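Visitor: take this sequence and fold it.
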Amino acid sequence: TKFGISLTSGVIAGVTAAIISHPADTLLSKINKAGEGGEGNMFVRMGRIASSMGIKNLCLVGLPARCVMIGGITAGQFGIFDSMLP
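Guide: Residues are numbered from 1 along each chain as shown. Purely as a prediction, here's the structure:
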C-alpha cells in the first residue's frame, strides 16, 4: 500500500509536470528546427510559431504521449526512492 501510494503520487506529479511544461517544450522543439518561424530573434520566431500552430494545438498535440512517458518515469523514480527507504 505504501508502495502503491508512492507510484500513484509519482504518476500525479509526472502528469502535472508534463501538462505544465508541454507548450514550452513544443515551442523549443519547433524553434530548433532550421527555418521554423522565419527570420528574426528568438521571441519573434516563437511568436510566429505559436500563432501559426494556435494555442489549442500548442497545448494539446502530443500531450497524451508525454503524460504517459513522464508519468511512468516519475512513478518509477518515486517507487525506487520509496523502496530504498527503511
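Visitor: in space, what's closest to residue 38 - neighbours in sequence excluded?
Guide: residue 48 (5.8 Å; Cβ to Cβ, 6 or more residues apart in numbering). For the C-beta atoms, the positions are set from N, CA and C on the backbone; glycine is no exception.
Visitor: got it, and residue 6?
Guide: residue 82 (3.8 Å).
Visitor: ok, and what's touching whatever helix or strand the one you found lives in?
Guide: Assigned by DSSP states H and E, residue 82 belongs to helix 63-84. Contact with helix 63-84 is made by 2-3, 6-11, 13-15, 17-19, 22, 25, as judged by Cβ atoms under 8 Å, 6 or more residues apart in numbering.
Visitor: wait, what's in contact with residue 57?
Guide: Per Cβ under 8 Å, 6+ apart, neighbours of residue 57: none.
Visitor: mind checking which helix or strand it is in?
Guide: helix 55-60.
Visitor: also residue 34?
Guide: Here residue 34 is assigned to no helix or strand, by DSSP H and E.
Visitor: count of residues packed around it?
Guide: 4 (other Cβ atoms under 10 Å).
Visitor: phi and psi next, for it.
Guide: When read as degrees, to the nearest 10, the backbone of residue 34 gives phi -60, psi 130.
Visitor: buried ones in the lowest-mean-pLDDT helix or strand in the chain?
Guide: Taking mean pLDDT, DSSP states H and E as the measure, helix 42-53 is the helix or strand of the chain with the lowest mean score, a mean of 91. Neighbour-count burial for helix 42-53, counted by 16 or more other Cβ atoms under 10 Å, picks out 45, 46, 48, 49, 50, 53.
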